[in-house]
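> Sharing a model prediction with you, sequence too.
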Amino acid sequence: MFYQIDQYNFTGKRVLVRVDFNVPLDAGYHITDDTRIRAAIKTIQKIISDGGRAILMSHLGRPKNGPEEKFSLKHLVSRLGKLLGKEIFFANDCIGSEALSVVNNLKNGNIALLENLRFYKEEEAGDEFFAGQLAELGDVYVNDAFGTAHRAHASTAVIAKFFPTDKLFGYLMEDEIRNIDRVLHNAQPPVTAIIGGSKVSGKIAIIENLLSRVDNILIGGGMAFTFIKAQKGKTGNSLVEDEKLETALYLLAKARNKNVNLYLPGDAVIADQFSNDARIDICEIDSIPEGWMGLDIGPKTIEHYKEIIHRSKTILWNGPMGVFEIEKFATGTIEIAKELASATSNGCFTLVGGGDSVAAINQYSLADKVSYVSTGGGAMLEYLEGIELPGIAAIRNK
Ligand code: AMP
């Protein structure tokens with residue numbers, strides 16, 4: 001058994017917290033989106049209000065070869081301090097004497113931030129000695145970095161063995177796991193998964209895993225055309241993965257076997273080029289003329305999908321319905337997002353996850369109108385595939 005964070009008393013403890021502060025910075029090193037920092041605040045506040053000493057560690061970007069100014073976590077100190085209303089003690093290194101001296105000077109209720117973990121290649125290599133050096137800084141280990149939970153890195157998984165009893169999830173991790181499990185394991189039917197995005201190749205394992213758990217799958221985005229072509233439809237110049245045609249047929253057959261309704265779009269918004277200046281038209285999804293490509297789901301499909309969403313009690317949404325970055329092809333994604341918000345207000349449980357669907361839901365200011373928005377792109381996808389994430393296993397298992 002491991003502790004729930006609410007039950008743990010951090011008083012007087014040095015609490016080593018793996019957070020995901022991998023935020024975007026502009027050229028002047030200003031944070032352009034602090035969502036990930038805000039997501040960790042509740043856990044940090046619990047630790048310091050108990051009288052614990054919070055020692056925060058994270059990666060930032062992809063430094064190639066040791067320290068680099070643009071990937072320094074010192075750029076986050078002032079925003080973090082403002083969000084918490086507290087002084088942040090920054091350590092110029094994440095291990096060794098520099099880190100130890102900052103940590104040793106902390107008093108109860110203080111917060112330290114360590115320099116970028118990925119300035120050491122040992123972090124991503126999952127090096128045990130490096131994990132041990134990090135572990136020296138804490139009496140208890142908290143993992144609140146859902147965004148990197150699918151990586152078996154030193155600070156996300158390997159380190160847990162140095163804290164055989166005192167290891168736990170932070171609030172964000174607990175929330176993510178509870179909400180995704182609610183769709184995968186405790187869903188109220190009918191359950192509908194809306195899967196979009198560019199390519200079917202990235203979503204095969206998820207669709208397969210969901211086939212045992214959902215009643216309906218609604219397919220949108222570029223990936224629909226591989227299914228359409230596999231069934232001998234005319235897809236014009238739309239995005240098709242020719243090497244996945246067999247896989248598409250296999251998924252359709254498997255859905256039939258499992259009595260899952262796998263719906264493909266009936267119509268599409270087609271364009272003669274990939275831009276806002278394109279000529280556009282609407283046609284049946286399997287009759288796209290040469291020289292034209294499908295870049296959004298059509299009005300008939302939107303109505304059909306809305307009706308299914310309206311009848312569902314649990315919904316998972318991953319991946320846009322079209323090229324939503326271009327206004328002309330954003331309608332399908334906007335309409336689905338709005339319908340999700342409306343279903344939520346009618347008591348449906350709605351989970352949105354994956355980089356682009358989260359970006360879309362934020363862009364349309366609907367994030368607080370769905371039940372839960374997952375912060376982990378890759379981690380959520382792997383969880384949905386049914387993989388046990390190393391960052392979760394390391395806490396749960398002995
Ligand atoms: P993914 O990263 O696989 O979830 O795909 C997200 C991307 O898919 C977005 O950038 C969309 O612009 C793109 N996308 C959605 N629909 C289409 C389409 N019909 N053709 C080409 N790209 C698309």
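Cool, got the structure.
> helices or strands next to the helix or strand hosting residue 251 in the packing?
Assigned by DSSP states H and E, residue 251 belongs to helix 245-257. Judged by 3 or more CB pairs under 8 Å, 6 or more residues apart in numbering; DSSP states H and E, helix 245-257 is in contact with helix 204-210, helix 224-230, strand 261-263. For glycine as for every other residue, the C-beta is placed from the backbone atoms N, C-alpha and C.
> let's see it at 10 Å
Under the contact criterion of 3 or more CB pairs under 10 Å, 6 or more residues apart in numbering; DSSP states H and E, helix 245-257 touches helix 204-210, strand 216-219, helix 224-230, strand 261-263.
> Next SSE downstream of the shortest one?
If I follow you right, that is strand 261-263. Note on strand 261-263: by DSSP H and E, the next helix or strand toward the C-terminus is strand 267-271.
> which residues does the residue of the stretch 251-398 of the chain found nearest the ligand contact?
Residue of the stretch 251-398 of the chain nearest the ligand, by CB to the nearest ligand atom: residue 323 (3.8 Å). When contacts are counted by CB atoms under 10 Å, 6 or more residues apart in numbering, residue 323 is found next to 198, 221-222, 239, 269, 271, 274-275, 293-296, 329-330, 332-333.
> Next secondary structure after the lowest-mean-pLDDT helix or strand in the chain?
Ranked by mean pLDDT, DSSP states H and E, the weakest helix or strand in the chain is helix 355-363, scoring a mean of 86. Sequence-wise, the next helix or strand downstream of helix 355-363 (DSSP H and E) is strand 372-373.
> helices and strands around that following strand, which ones?
Against strand 372-373 (3+ CB pairs under 10 Å, 6+ apart) you get helix 171-184, strand 349-352, helix 355-363.
> Could you export the helix or strand following that strand as PDB, CA atoms only?
Later in the chain than strand 372-373, the nearest helix or strand by DSSP H and E is helix 377-384. Extracted in PDB, the C-alpha atoms of helix 377-384 (Å, rounded to 0.1, in the frame of the first residue of the first chain):
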ATOM      1  CA  GLY A 377      -0.300  14.200 -23.900                       C
ATOM      2  CA  GLY A 378       1.900  11.100 -24.500                       C
ATOM      3  CA  ALA A 379       1.300   9.800 -20.900                       C
ATOM      4  CA  MET A 380      -2.500   9.800 -21.400                       C
ATOM      5  CA  LEU A 381      -2.300   8.100 -24.800                       C
ATOM      6  CA  GLU A 382      -0.200   5.300 -23.400                       C
ATOM      7  CA  TYR A 383      -2.500   5.000 -20.400                       C
ATOM      8  CA  LEU A 384      -5.400   4.700 -22.800                       C
END
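> Is helix 377-384 in proximity to the ligand?
No. Helix 377-384 does not reach the ligand (CB under 6 Å from any ligand atom); its nearest approach is 8.8 Å.
> what angle sits between that helix and helix 355-363?
Counting by axes from the mean of the first three to the mean of the last three CA atoms, to 10 degrees, helix 377-384 points 120 degrees away from the direction of helix 355-363.
> Could you tell me the angle between helix 377-384 and helix 171-184?
Using the same axes, to 10 degrees: helix 377-384 against helix 171-184 is 40 degrees.
> Can you list the buried residues in helix 377-384?
Neighbour counts over helix 377-384 (16 or more other CB atoms under 10 Å) mark 377, 379, 380, 381, 382, 383, 384 as buried.
> Against which helices or strands is the helix or strand just after that helix packed?
For helix 377-384, the following helix or strand on the C-terminal side (DSSP H and E) is helix 390-396. Helix 390-396 makes packing contacts with strand 140-143, strand 167-169, helix 171-184, helix 377-384 when contacts are defined by 3+ CB pairs under 10 Å, 6+ apart.
> could you dump the third one to PDB, C-alpha only?
In other words, helix 171-184. These are the backbone C-alpha positions of helix 171-184, laid out as PDB (Å, rounded to 0.1, in the frame of the first residue of the first chain):
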ATOM      1  CA  TYR A 171      -2.900  15.600  -6.300                       C
ATOM      2  CA  LEU A 172      -2.500  16.100 -10.000                       C
ATOM      3  CA  MET A 173      -1.400  12.500 -10.500                       C
ATOM      4  CA  GLU A 174      -4.200  11.200  -8.300                       C
ATOM      5  CA  ASP A 175      -6.700  13.300 -10.400                       C
ATOM      6  CA  GLU A 176      -5.400  12.200 -13.700                       C
ATOM      7  CA  ILE A 177      -5.400   8.500 -12.700                       C
ATOM      8  CA  ARG A 178      -8.900   8.700 -11.200                       C
ATOM      9  CA  ASN A 179     -10.400  10.500 -14.200                       C
ATOM     10  CA  ILE A 180      -8.900   8.300 -16.900                       C
ATOM     11  CA  ASP A 181      -9.800   5.200 -14.900                       C
ATOM     12  CA  ARG A 182     -13.300   6.500 -14.700                       C
ATOM     13  CA  VAL A 183     -13.500   6.100 -18.500                       C
ATOM     14  CA  LEU A 184     -11.500   2.900 -18.800                       C
END
